[in-house]
Structures are given as structure tokens and as C-alpha cells.
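Q: return atomic coordinates for the entry below.
(chains A and B)
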Amino acid sequence: MTMPYYVSPEQLMADKAEFARKGIARGKSIVALEFEGGVLLMAENPTDLSKCGEIYDRIAFAGVGKFSEFDHLRKIGVRFADTKGYAYSREDVRARSLANAYSQAVGEVFTREMKPLEVELLVVEVGDDRFVGHEHNAIYRVKFDGFISDHKGFCAIGGSVEDVERVLQDSYRDGLPAGEAASLAKRALESGANGSSSLGVTDLEVCLLDRSREGRKFVRLSADQVRQMLDG
Amino acid sequence: MRFWNTYSGSSFIELLKSEQPELLPRFSGELQELSAQVPHGTTVVAFKFDGGVVVAGDRLATAGMQVASRDVQKVFRTDSHSMMAISGAAGPSIEMARILSVELEHYEKIEGEPLELEGKANKLSQMIRQNLPAAMQGLAVIPLFAGFDTRRKAGRLWKFDVTGGRYEETEFDATGSGGLFARESLKQSWRPNQTKSESIASAVAALTAAADEDRATGGVDLQRGIFPIVMCASDSGIEQIPESDIEAAYRSMLEDSADRGAAS
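A: Numbers count the residues shown, from 1 in each chain, chains lettered A, B, ... in the order given. Got it, this is the predicted structure:
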């Protein structure tokens, strides 16, 4: 008779975490940065497959790791937000509740499935001055095990995130103009050991949550618009 | 929110059907004639102009022989380049415009690019077909759909029937209880490639003609300061014409007919 082998829960979790961390560490980084006009998302991504996306009027998404997994998470986020906004009102769709839902869903896969999700997510929300209590921006990060944290000013996810965050920590200040914010985000990405040390505009995927827009505030910038933003 | 075993397509309506069917509007079931009890919207028009397409609607809603609302909205922006104007039962129509705009936005976010204008019109025709049982009880939804086709660089418009039949119009159309009179007016005033300001005048004239002959159509109400809603779709998106421009067009129309000594 073969004996079922025993693995302690600690060992099981540690192994899964190790597996997920390895998958994520291979990838490049994404930076979210608050600036004067809203929130900026910048990813090193020369391909057509987007890592950042629109969720709702004031909410955007970014994911690193395995594309099929985080893109699926982006889509279920859109479904979650659109259903909520249709059932209640558009202002009821908030990043905190979405980030919590992500944390639950990702955490559940981590504990119940053999293979954890090899992803790390950002959920960002831009404030709107017209609604009392909605004025502030919000940045949430959700890790592969469902661990959720909120961040002020900036946050980075992905491979060589320590190097990237060091640059941001040194140079970030509140209310940066758009051009300076974009340059800082680019410089931070270039410092990551996984990425290339000199990024051109076509290597970057840049999205904004533009505070000044009415309704849907998410904008994806073209290479020309990124160049303009970096120049000025 | 679950990661596995969830709906995985691009349609918001199908998502609701599979995950939360209680949220879908469904108006049929009771075998009762409801048309006299619920508000109905009346005249809406759509026509092409130089830079795209114009959609306009009066503001009156009636329930049976009574006024239900004097400032109801019948022209809706459904996305950045498309519009829907409703006539028929106000409740189901407004809900249909709302769910269509969520559907279009949802598709665009999931797929990463918007539907073609023709695809949007087709989706609307499926929604009208679904509403057929309710239409049999007097809750018909008969909209106009119009928008700027960003690939063909042209304004386009469609009319529908209660079975979801979809007909593309090349010049203009009007629907609702005063639709016949609005169409007659457009037949006189409409010219191919007319400018935006000529188009505002055409829209105001058509709705005024409809209001004159059809008691359920509102027209311009200077006394209360209620004006039709006029929107136009062009390459740069949807623009709602300010009330001041509509008032100016109406006043100049009144002056013209006074000059002619005619009763407008």
C-alpha cells in the first residue's frame, strides 16, 4: 500500500508563493504615479497586447505576470464594474470595492487551486472634485496571494520593483506637472534590472486617468502623444 | 467576483442573462393593454447634414389623453459617435437607450475597440425584437438610431419597426405620433449637404409642424422655456446644440412666417 505523503500547510503555501513570485519576477515593471492632472500608468511594453486598461469612468487597471491570467482579471473587473454601475449608479463604482473583490478572487485561487495565479495587479482611481468625498485619487495593489495594500503618490509592480521604487521614492513629490511625472516614471522603469536601460516612446504603454475629462476619464496615449508629454 | 466559471463573452446583455437575469428589463407577462396608463414619447427626427447626422426630439410625454411630462428626454448619446432617439412607451424606451449605451461601452472595454456603427444598429434591432411581447401590450419601442461612421467618414441613420426590422435611410426620417407631419416638413426644408445652422432650422421646423398637427407632440414652449433636444454627430463626436441656438432658430422661423402673413 502506498502511503499518501504529507506536506505541511506552511510548506504548501511557501511553495506556491515561490512559484508565483518566480513567474512575476521574470516580467517587466509598471508604474502608477499621481500627478497634477490625475493618475499616470506607464508600462514597458513594446507589444500590442495591453497591460493597462479601462475599467470604468474613473478606474483603470494594470497587471503584470502571465498575460492570459491578468487579462482575464481585467475583463472580470469590467464585468463587475459595469454590472454594479447598471444596477445602482455610475458614482457607486469605486476602486476600493473592486480591489477588494480582486483580492478575494485572487486569494481564493491561491488557497484552493494547485497552481496560483502568476499575477500582480494595480487598481487606480482618479478623484473628481464635483463629488463630495470622491476628491482623492486612490492606488491599490493586489498580489498573487490576494494580499491587498493601498498607496499614496506612486506604486510599482512587476519584476525588478525595488530598483524602480527607489527612484520614485527619491524624486516623487505631490502635484508634479504631466511632463515631469512622465519623465520620472520613464526614468524609474529604466532603472529596473529586468527592463532595458534606455526606453523609446514605442517601448512604452502609457495611459492616463485625466481628472479634467467628463465621464470616462481613461485615455490611452499614442507614441506621438507620449513624446509630446515627455517633451513638455 | 469569481475567477473561474464565469460568463466570458463581450456582451453586457448576455452577461446579465447568465449572471444576474433579474436586472434585465422585462415588461411582458401580464395580458393587459397598458398603453393608456404609461407615458409615451412622441415625435423624433433624424437627418443627414454636411458634417454628419442630426437627431432631434420634442420633450412631451403623454399617458392616454394627459400630459405625463413636459420635459422628458428622448434623444440619447449612446457612445462617442452614436445617438438613439426614442418614440413609444417612455419607460421601456429610456431603459433600452441606457442598456444599449452600457452594452456599447462594455464591448469596447472588453474587446479593446468599439463596434462598427452597423454592428451597433444591429444590436439595437435585436433588443427591439426581444421587446415584441411587450409591444403587443402597447409598450412598443420604436427608436431612430444615427451616428457618424468613423470608417466610412459619413453620417448614417436607421429606422426600426416593432419586430426589430432595421432600415437604413439615406436622407431623413421621423417617427412617433407626429412623425408623418415632421417628415412632410423635412421633405420641404431638407437639402443634401445643408450646414449645421440650416439643420437646426430644419429640425425646429419639423418638430413645430408636428406639434401643430399632433396634440401629443410638444414643439417649442417659449412660455415655460422648454426646447427640443437637438444633437449632431460628426467626425469629432457628439455635440448637443445649446438651447439659445434652438430658440434663435425658432424665433427667426416665426418672423419669416409673420412676414409671409401665414399662420406658422
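
Q: which one is the residue of chain A found nearest chain B nearest to, not counting chain neighbours?
A: Chain A approaches chain B most closely through A:A101 (4.0 Å), counting by CB to the nearest CB. C-beta here means a position set from N, CA and C on the backbone, and glycine is covered the same way. With CB to CB, 6 or more residues apart in numbering or on different chains as the measure, B:M1 is the residue that lies nearest to A:A101, at 4.0 Å, once sequence neighbours are left out.

Q: ok, how many other residues are close to that neighbour?
A: Each residue near B:M1 was counted by other CB atoms under 10 Å in any protein chain shown, and the total is 18.

Q: B:R129 now?
A: Neighbour count of B:R129, defined by other CB under 10 Å: 16.

Q: quick one: contacts for it?
A: Shown here is B:R129, whose contacts under the criterion CB atoms under 8 Å, 6 or more residues apart in numbering or on different chains are B:163-164.

Q: that one: which element?
A: When elements are defined using DSSP states H and E, B:R129 is found to belong to helix B:117-130.

Q: for that helix, buried residues please.
A: By 16 or more other CB atoms under 10 Å in any protein chain shown, the buried positions in helix B:117-130 come out as B:117-118, B:120-121, B:123-125, B:127-130.

Q: quick one: residues contacting the residue of chain A closest to chain B.
A: With the criterion set at CB under 8 Å, 6+ apart, A:A101 makes contact with A:77, A:80, B:1.

Q: what does it show for phi and psi?
A: Backbone torsions for A:A101, taken as degrees, to the nearest 10, come to phi -60, psi -40.

Q: do A:D15 as well
A: Summarising the backbone geometry of A:D15 under the convention degrees, to the nearest 10, its torsions are phi -70, psi -40.

Q: mind checking how far it is from B:M84?
A: As defined by CB to CB, to the nearest Å, A:D15 lies at a distance of 55 Å from B:M84.

Q: hmm, back to that, give me the subset of the contacts of A:A101 lying in helices.
A: When DSSP state H is applied, the contacts of A:A101 are split such that A:77, A:80 fall in helices.

Q: hmm, which helix or strand of chain B has the shakiest average pLDDT?
A: Across the helices and strands of chain B, mean pLDDT, DSSP states H and E gives its lowest value to strand B:40-41, namely a mean of 78.

Q: can you name the next helix or strand after it?
A: Past strand B:40-41, heading to the C-terminal end, the next element that is a helix or strand (DSSP H and E) is strand B:44-49.

Q: could you check the pLDDT of B:M136?
A: Looking at B:M136, its pLDDT reads 84.

Q: for the one 5 residues further on, same thing?
A: You'll see B:V141 listed with a pLDDT of 89.

Q: please apply the same query to the one 10 residues further on.
A: Looking at B:R151, its pLDDT is 96.

Q: roughly how far apart are the nearest residue to A:D128 once chain neighbours are set aside and A:D203?
A: Sequence neighbours aside, A:H134 is the residue nearest to A:D128 in space, at 5.0 Å (criterion: CB to CB, 6+ apart). According to CB to CB, A:H134 and A:D203 sit 34 Å apart.

Q: more neighbours, the two?
A: Under the neighbour definition other CB under 10 Å, A:H134 and A:D203 were set side by side, and A:D203 has more, 20 against 15.

Q: what sits closest to that one if chain neighbours are left out?
A: In space, not counting the residues next to it along the chain, A:D203 is nearest to A:P46; the distance is 4.7 Å by CB to CB, 6+ apart.

Q: so what does that neighbour have for phi and psi?
A: A:P46 adopts backbone torsions of phi -80, psi 0, taken as degrees, to the nearest 10.

Q: neighbours of it, how many?
A: The local packing of A:P46 (other CB under 10 Å) involves 12 other residues.

Q: ok, it touching A:L199?
A: No - the pair A:P46 / A:L199 is not scored as a contact, 9.1 Å apart, by CB atoms under 8 Å.

Q: give me the residue from chain B nearest chain A.
A: For chain B, CB to the nearest CB, closest residue to chain A: B:M1, 4.0 Å.

Q: A:V39 contacts A:I139, correct?
A: Yes - in this structure, A:V39 sits in contact with A:I139. The criterion is CB under 8 Å, and the distance is 7.2 Å.

Q: between the two, what contacts are shared?
A: Residues touching both A:V39 and A:I139 comprise A:32, A:124-125, with contact defined as CB under 8 Å, 6+ apart.

Q: between those, which sits nearest B:R151?
A: Within these, distances to B:R151 taken as CB to CB reach their minimum at A:V124, with 32.1 Å.

Q: just to revisit the earlier point, ok, the residue of chain B closest to chain A - contacts?
A: B:M1 sits next to A:76-77, A:80, A:101-102, A:104-105 when contact means CB under 8 Å, 6+ apart.

Q: skip the chain neighbours and tell me the closest residue to the residue positioned nearest the centre of chain B.
A: The C-alpha lying nearest the average C-alpha coordinate of chain B belongs to B:A85 (CA atoms, centre = their mean; 0.3 Å). The spatially closest residue to B:A85, leaving aside those adjacent along the chain, is B:V44, at 3.7 Å (CB to CB, 6+ apart).

Q: in the sheet, who's paired with that neighbour?
A: The partner list for B:V44 in beta bridges (DSSP bridges) reads B:G57, B:T175.

Q: wait, doesn't it sit right on B:D173?
A: No - contact status for B:V44 versus B:D173: not in contact, 9.3 Å apart, counting by CB under 8 Å.

Q: list the residues that contact both of the two?
A: In contact with both B:V44 and B:D173: B:L144, using CB under 8 Å, 6+ apart.

Q: and those two? Which one has more around it.
A: Counting neighbours by other CB under 10 Å for B:V44 and for B:D173 shows that B:V44 has the greater number, 31 against 21.

Q: in contact with that one, which residues?
A: For B:V44, the contact set (CB under 8 Å, 6+ apart) comprises B:55-58, B:74-75, B:85-87, B:143-144, B:174-176, B:179.

Q: nearest to B:R98 among those residues?
A: Among the contacts of B:V44, B:I86 lies closest to B:R98 (CB to CB), at 10.7 Å.

Q: before we move on, the earlier item: the shared contacts of A:V39 and A:I139 in strands, which ones?
A: In this view, those that belong to strands under DSSP state E are A:32, A:124-125.

Q: returning to what we had before: ok, A:D15 and B:M84, which is more surrounded?
A: Set A:D15 next to B:M84 and count neighbours by other CB under 10 Å: B:M84 wins out with 27 against 12.

Q: ok, now which ones touch the more buried one?
A: By CB under 8 Å, 6+ apart, the contact list for B:M84 reads B:75-76, B:78, B:96-97, B:100, B:124, B:143-146.

Q: those residues in strands, which ones?
A: Of these, the ones assigned to strands by DSSP E are B:75-76, B:78, B:144-146.

Q: in CSV: those, plus distance to A:I59.
A: Written out in CSV, the entries for these read as follows (distance: CB to CB, whole Å):
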residue, distance to A:I59
B:V75, 28
B:F76, 23
B:T78, 21
B:L144, 33
B:F145, 29
B:A146, 30
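
Q: among those, which ones are buried?
A: The neighbour-count test (16+ other CB under 10 Å) marks B:75-76, B:78, B:144-146 as buried among these.

Q: could you export the following helix or strand past the helix holding B:R129 as PDB, CA atoms only?
A: Per DSSP H and E, helix B:117-130 leads on to helix B:132-135 as the next helix or strand towards the C-terminus. Taking only C-alpha atoms (Å, rounded to 0.1, in the frame of the first residue of the first chain), the coordinates of helix B:132-135 have been written out as PDB:
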ATOM      1  CA  LEU B 132     -42.000  42.300 -29.100                       C
ATOM      2  CA  PRO B 133     -44.200  40.600 -26.500                       C
ATOM      3  CA  ALA B 134     -44.300  43.900 -24.600                       C
ATOM      4  CA  ALA B 135     -45.100  45.800 -27.800                       C
END
